[in-house]
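**Q** Below is the structure, and that's it, no one-letter string:
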């Protein structure tokens, strides 16, 4: 695939405590939401890239984003992520559930990855970016 890059975020770097544990988690999550593997440690949706780097714990010199929300193509994708998380004993914070206080069509699941990062997968067909 070939993509035209424009203005926006190029990539996100995740600092993780255990690279292998993180790669095992994300290599199962990302195909559910339409992302693909670029290299052993990086993934892309075709526009953005996320890559992982193991760092010593505790690492106290960096504050980060509170959470990252990934677009889901449908409510079914959100439900499949929720089912996968439950089947693997993942830490679900909320959902899958509608969030009408955000938007009538907002449907989400919020959860933690193996490092404790808060992630969200949401179907938001009526949200304008």
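**A** All right, it came through fine. Values in this document were obtained by computation on a predicted structure and should not be read as measured data.

**Q** Figure out how far the top strand by length along the chain is from the centre of its chain.
**A** Secondary structure of the chain read by DSSP state E shows that its longest strand is strand 91-98. Counting by Cα atoms, centre = their mean, to the nearest Å, strand 91-98 is centred 14 Å from the centre of its parent chain.

**Q** mind listing what's buried in it?
**A** 95, 96 (16 or more other Cβ atoms under 10 Å). C-beta coordinates here come from the backbone N, C-alpha and C atoms, glycine included.

**Q** partners of it in the sheet?
**A** Using DSSP bridges, strand 91-98 pairs in its sheet with strand 107-112 (antiparallel).

**Q** contacts for the longest strand of the chain?
**A** Applying Cβ atoms under 8 Å, 6 or more residues apart in numbering, the contact partners of strand 91-98 are 75, 78-79, 81-82, 85-86, 106-112, 118.

**Q** ok, of those residues, which one's closest to residue 16?
**A** residue 112 (12.6 Å; Cβ to Cβ).

**Q** And the closest one, what's its pLDDT?
**A** Looking at residue 112, its pLDDT stands at 95.

**Q** Whichever of the contacts of strand 91-98 end up buried, select them in PyMOL.
**A** Here is the PyMOL command that selects the buried residues among the contacts of strand 91-98 (16+ other Cβ under 10 Å):
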select buried, resi 75+78+79+81+82+85+106+107+108+109+110+111
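
**Q** now the strands for this protein?
**A** 11-16, 36-39, 42-44, 49-54, 67-71, 91-98, 107-112, 118-123.

**Q** what about stretch 35-44, start to end distance?
**A** Criterion Cα to Cα, to the nearest Å; first-to-last residue distance in stretch 35-44 is 5 Å.

**Q** which residues make contact with stretch 36-51 from outside it?
**A** Contacts of stretch 36-51 (Cβ under 8 Å, 6+ apart): 1, 3, 5, 8-14, 19, 23, 26-27, 30, 34-35, 52-53, 70.
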